[in-house]
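In: Sequence first, predicted model second:
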Amino acid sequence: MGSRRQAREQALQLLYEIDIGQSSLEGALRRFWEDEEQPTDPDVSEFARVLARGATEHAVRIDELITEASINWKINRMSYVDRNILRLAVFEFLDCEDIPAMVSMNEAIELGKRFGTSESSSFINGILDRIARNLGLTSRPKGTK
C-alpha cells in the first residue's frame, strides 16, 4: 500500500472519531498514534495530520461545496464514512496543488470501497465529480453529462 493511501486511511479514521463526537482534533491526533500497535512511517503520519487538520480547519467551506454538489442529500444525513471521505478529497482539491484532482477522486473512491457500503464508491464519485467541475478542476468532452 502506498504511503499516501495509508495516510488517507489514517486521516479518515481521525475525522471519523472527531465527527462522531468522541474527540477534538488534538485529542484524536494524540490518541491515534498512542494507540497504534505498530510504528508509523513519519511521512505517513505527517500527511495524515495535514489532511485531518486541513479538513477540520476548512470544514465550513468544504461542507458548503459538498452541500452544493449533493442533490437530494443533506450532509448530516450522509454516512459518517462517506461524509469524511468527501471532506478529505475536497480538502485535497482546495489545498494540495501537487495532487491532481483525478488522483484525489480515485483515492476517495478506493476508500469508499474499502470502508463504506456497496453504494459508497459511486456516491462519492458523483459528488466529487460535481465539485471538481464546479471548481474548474476537470473538464468533460462536449456532448457528455
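Out: Noted; the coordinates are in hand.
In: so how far is S118 from E9?
Out: As for E9, its distance to S118 is 19 Å (criterion: Cβ to Cβ, to the nearest Å). For the C-beta atoms, the positions are set from N, CA and C on the backbone; glycine is no exception.
In: quick one, which of the two is more surrounded?
Out: Using other Cβ atoms under 10 Å as the criterion, E9 and S118 rank with E9 on top: 19 against 8.
In: Number of residues surrounding I99?
Out: I99, neighbours per other Cβ under 10 Å, totals 14.
In: Apologies, that question was intended for L128.
Out: 29.
In: Next, the buried residues of the lowest-mean-pLDDT helix or strand in the chain.
Out: Within the chain, no helix or strand scores below helix 25-35, which has a mean of 82 by mean pLDDT, DSSP states H and E. For helix 25-35, the neighbour count (16 or more other Cβ atoms under 10 Å) marks L25, A28, L29, F32 as buried.
In: which outside residues touch that helix?
Out: 10, 13-14, 17-18, 22-23, 40, 45, 49, 52-53, 56 (Cβ atoms under 8 Å, 6 or more residues apart in numbering).
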